[in-house]
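# Next come a sequence and a model predicted from it.
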Amino acid sequence: MNPIPWSYLWFIPLLPFVGFLINGTLGRRLPRVVVSTVALLFTALPAALVAWLWKTMCATGAPSSVESTIQPSGFDWINITGLHVDFAFTVDHLTLIMLAVVTGVGFIIHVYSVGYMAHEEGYWRFFAYLNLFMFFMSVLVLASNFLLLFVGWEGVGLASYLLIGFYFKKTSAANAGKKAFIVNRIGDFGFLLATFLLIAHFGSLSFKEVFATLAQHPEWQQQGAHFLPAIALLLLLGAAGKSAQIPLYIWLPDAMEGPTPVSALIHAATMVTAGVYMVARCHPLFDSSPLALTVVAVMGAATAIFAASIGMVQHDIKRVLAYSTISQLGYMFLACGVGAYTAGIFHLLTHAFFKALLFLAAGSVIHALHGEQNMRNMGGLRTRTPITFWTMSAGVFAIAGIPPFAGFFSKDEILYRTFTSSNPLHIVLWLIGLLTAGMTSFYMFRLWFKAFFGEPRTRQNDIEVHHGAHAVHESPWIMLLPLCVLALLSVIGGWVGIPASLGGNNGIEHFLDPVFANGTASEAITATGHGLELALALISVLVAVAGFYIAYIFYYQKPGTAAALAERNKAAYNLVKNKYWVDEYYGAFLVTPLLMFTRLMELIVDSGLVDGSGAAAGATTRGLAWIERKQISGNIRSYAGWLAIGAAAVIAAMIFGNVMKGHL
Amino acid sequence: MVPTAYYLVLAAMLFSIGIAAFLIKRNVITIFISIELMLNAVNLTFVAFAHMWHQVSGQIFVFFVMVVAAAEAAVGLAIILSIFRTRQTLNVDEIDLMKS
């Protein structure tokens, strides 16, 4: 009945793993060409496999949601009384989209890395880690249960840690890696607790069984069972850690210490969207708890505007993009929070295209400027790196939400769904989203004008002095080609979801319908008609254009305006410039007390009790040995003397004994 | 006839002189000789007791001791020679490599 040979699924994660093994063990001795060939081959094959899988699944009408899917392949993993976990994969339409993003964008970024990392030390290490990441990310999206999802979840965290700290000789990079890992641990803690609660209340970890059990017990929701919101909120904590949402977003800006392709792949396109994917995957759990949904939406909206405001004043090109990523992830959570999972996943898809593009183009700019990341030292790159300029423009227009670029459709869908949602806060959330859209447009065009327009600024001339007249040059084709592909996707990627009001058929909506059938269905939308949707779209385009116009005035027409404005509102500017001092608050109220507590414990328990008991045992032995040691002088005559004294003592004892017995 | 006790007292005196010399002297050769003295003191006791009990086994023991002492003298003198060659001294206080 089912023509799809499911065992091929195993190759999707296993191939990158083989690549990791080859490059990880032998890479040091292999020439660079071989290393990159292996890395590219073992990511291209899964991408092709996913394309084939997609085609076959759509053609045959295979099961398209977790609830209806058969368990394609797998084996017993944990089988004890009361808990059975399979090591199994599952595929539905949501997985397909994620797989396409992971393997497709992943492969494109691998190609780019070959050019970007060409002169770096540890070339083989980089590609080994990158392939390892692909392995774990595929496991994450293919997992058929919470535990296997968690394996992938932790694995991508590991790969992220290794790649952030890729330049481990730099203290800041090593620290950023540690920060990312530790902050993620907090989220993972929530995820684990949610898993335990699932075991306790559902007795299973399989998505299929958990959601089926949930559907069979509508009374839980009606009676307000406390464990449902608890599970959802704990899962959300995990998602907040992985997807860099308030309050755990602080690791992502620091993660920019990693090489730029890593920022594009892991910290923009794929890994950080794992949280959104997880929320969408567990949507029945979230749907069952209005409280959790509201928290998701509020968290997403708050993160979106918060990060966008920080992004407006950053000067490091990669940090602007990092805050932008956090902000866009906030958008996705906002969409999930109002029940518009499709819109969230749609935005995830388009965001993967344009944010990967923006990061790679930024990498190309950094490459051209020999490592310069400060936007104040850029400018005038339009003519010098024309292809980078044009591709990046596509990305900038896409994220700003200018039609017909990809970001417009997905962002608009989110705003529209927020506006029409049944959430009591929906107008406030919509306003925040709209404001964020304007800010996004502003900071992206700010970056665009600063980097590509105006006069070349000082540092650039230094580069020419040091590296020759044509030092600032366009990147090689192996880097430009991925940019072009992603630029194309950023332009047309949104067309899969053109809403009906604009004459489209909203293909992605229908594609994901089987997965999110239980979400807030589209009846409400048809009821309000197309007029509202068009009006909202118009408003958001106007806001985006306003953002563009302000950036145009500030950074192109009258370049001094922004500085003057900052000068006049110094307090507010400093607050935002210093990222609201959140890192400092965390440092003062969490890290420092925790460190002090740890030091205290170290002093009392480790140094005092553990080391103390060891030292006491040692001292006792040493004290006893001291008596013996005095006799071991190395002097023959002293040994002989001891021997004589001993012999005399024995003889004396014998004589004395005989005297006592009366023999003498 | 001389009583056996006289021999034993003489042997004890010789043995004590041997011990004393062993402990006091620093020269390896002197210490070596004092060991020989102690061995011969023991030989004397063996012979004295053998005579007293009219048994040969004591005298046979003495032969054994003499053979071992001869072997020991050969080995011991060779060791002393090589020590002198490497360290240019025969003072036992300076030969303390075994000190922990």
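Good, I have the coordinates. Just so you know, these numbers come straight off a predicted model, no measurement behind them.

# Quick check: phi and psi on the residue of chain A found nearest chain B?
Closest to chain B within chain A is A:Gly634: 2.4 Å, counting by C-beta to the nearest C-beta. Using the backbone N, CA and C atoms, a C-beta is placed for each residue, glycine as well. When read as degrees, to the nearest 10, the backbone of A:Gly634 gives phi 80, psi 0.

# What lies in contact with stretch A:172-191?
Contact partners of stretch A:172-191, identified using C-beta atoms under 8 Å, 6 or more residues apart in numbering or on different chains, comprise A:150, A:153-154, A:157, A:160-162, A:164-168, A:233-242, A:248, A:250-252, A:254-258.

# Please, a PyMOL command that selects the buried ones among the residues you listed?
Buried residues among the contacts of stretch A:172-191 (16 or more other C-beta atoms under 10 Å in any protein chain shown), as a PyMOL selection:
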select buried, chain A and resi 150+153+154+157+160+161+162+164+165+166+167+233+234+235+236+237+238+239+240+241+242+248+250+251+252+254+255+256+257+258
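
# Restricted to helices, list the contacts of stretch A:172-191.
The members of the contacts of stretch A:172-191 that map onto helices under DSSP state H are A:150, A:153-154, A:157, A:160-162, A:164, A:233-242, A:251-252, A:254.

# How about the residues of chain A by chain B?
Contact residues, chain A versus chain B (C-beta under 8 Å from any C-beta of the partner chain): A:629, A:632-637, A:640-641, A:644.

# Among the residues you listed, name the buried ones.
Buried members of the residues of chain A next to chain B, scored by 16+ other C-beta under 10 Å, are A:635-637, A:640, A:644.

# gap between the two ends of stretch A:163-173?
9 Å (C-alpha to C-alpha, to the nearest Å).

# chain center to stretch A:162-176, what's the gap?
Offset of stretch A:162-176 from its chain centre (C-alpha atoms, centre = their mean, to the nearest Å): 16 Å.

# first vs last residue of it, how far apart are they?
Rule used - C-alpha to C-alpha; the end-to-end distance of stretch A:162-176 is 10 Å.

# Which ones among the buried ones among the residues of chain A next to chain B lie within strands?
If you go by DSSP state E, those have nothing in strands.

# could I get those residues as JSON lines with pLDDT?
Listed next are those as JSON lines, based on pLDDT from 0 to 100:
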{"residue": "A:Asn635", "pLDDT": "74"}
{"residue": "A:Ile636", "pLDDT": "74"}
{"residue": "A:Arg637", "pLDDT": "78"}
{"residue": "A:Ala640", "pLDDT": "82"}
{"residue": "A:Ala644", "pLDDT": "87"}
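
# Among the residues you listed, which one sits closest to A:Gly363?
Closest approach to A:Gly363 among these (C-beta to C-beta): A:Asn635, at 75.2 Å.

# and the spatially closest residue to the closest one that is not a sequence neighbour, what is it in contact with?
Nearest-residue entry for A:Asn635: B:Asp96, 5.6 Å, with adjacent residues in sequence omitted and distances by C-beta to C-beta, 6 or more residues apart in numbering or on different chains. Each residue near B:Asp96 by C-beta under 8 Å, 6+ apart is listed here: A:633-635.

# In a strand, B:Asp96, correct?
No: applying DSSP: H, G, I helix; E, B strand; the rest coil, one finds B:Asp96 to be coil, outside a strand.

# hey, C-alpha coordinates of stretch A:44-55 in PDB?
What follows is stretch A:44-55 as a C-alpha-only set of coordinates in PDB (Å, rounded to 0.1, in the frame of the first residue of the first chain):
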ATOM      1  CA  ALA A  44      24.200  17.000  -0.800                       C
ATOM      2  CA  LEU A  45      23.000  13.400  -0.700                       C
ATOM      3  CA  PRO A  46      20.500  14.000   2.200                       C
ATOM      4  CA  ALA A  47      19.200  17.100   0.400                       C
ATOM      5  CA  ALA A  48      18.600  15.100  -2.700                       C
ATOM      6  CA  LEU A  49      17.000  12.400  -0.600                       C
ATOM      7  CA  VAL A  50      14.700  14.900   1.000                       C
ATOM      8  CA  ALA A  51      13.700  16.300  -2.400                       C
ATOM      9  CA  TRP A  52      12.900  12.800  -3.600                       C
ATOM     10  CA  LEU A  53      11.000  12.100  -0.400                       C
ATOM     11  CA  TRP A  54       9.000  15.200  -0.800                       C
ATOM     12  CA  LYS A  55       8.100  14.400  -4.400                       C
END
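
# how about that stretch: buried residues?
So stretch A:44-55, judged by 16+ other C-beta under 10 Å, has buried residues A:44-47, A:49-50, A:53-54.

# Ok, stretch A:364-377 next?
Quick answer for stretch A:364-377 (16+ other C-beta under 10 Å): A:364-369, A:372-373, A:375, A:377.

# where exactly do the strands run in chain B?
Going by DSSP E, chain B shows no strands.

# follow-up on the earlier one: pull the most distant pair out of the buried ones among the residues of chain A next to chain B.
Taking C-beta to C-beta, no two of those sit farther apart than A:Asn635 and A:Ala644, at 13.9 Å.

# So is stretch B:1-16 next to chain A?
No: applying C-beta under 8 Å from any C-beta, one finds stretch B:1-16 separated from chain A by no less than 9.8 Å.

# Indicate whether the lengthiest helix in chain B makes contact with chain A.
Taking DSSP H as the criterion, chain B has its longest helix at helix B:57-87. No: counting by C-beta under 8 Å from any C-beta, chain A is not contacted by helix B:57-87; separation bottoms out at 11.6 Å.

# Let me see the mean pLDDT of that helix.
The average pLDDT for helix B:57-87 rounds to 93.

# Give the buried residues for that helix.
B:58, B:61-62, B:65, B:69, B:76, B:80.

# Identify the residue nearest A:Phe136 in space, chain neighbours excluded?
That would be A:Gly155: by C-beta to C-beta, 6+ apart, it lies 2.9 Å from A:Phe136.

# show me the contacts for the one you found.
By C-beta under 8 Å, 6+ apart, the neighbours of A:Gly155 are A:132, A:135-137, A:139-140.

# In these, which residue is surrounded by the most others?
For those, the largest number of neighbours (other C-beta atoms under 10 Å in any protein chain shown) sits with A:Met137, at 29 neighbours.

# Surely that one and A:Val101 touch.
No: assessed by C-beta atoms under 8 Å, A:Met137 is found out of contact with A:Val101, at 9.5 Å.

# list residues touching both of these two?
Listed as contacting both A:Met137 and A:Val101 by C-beta under 8 Å, 6+ apart are A:Thr270.
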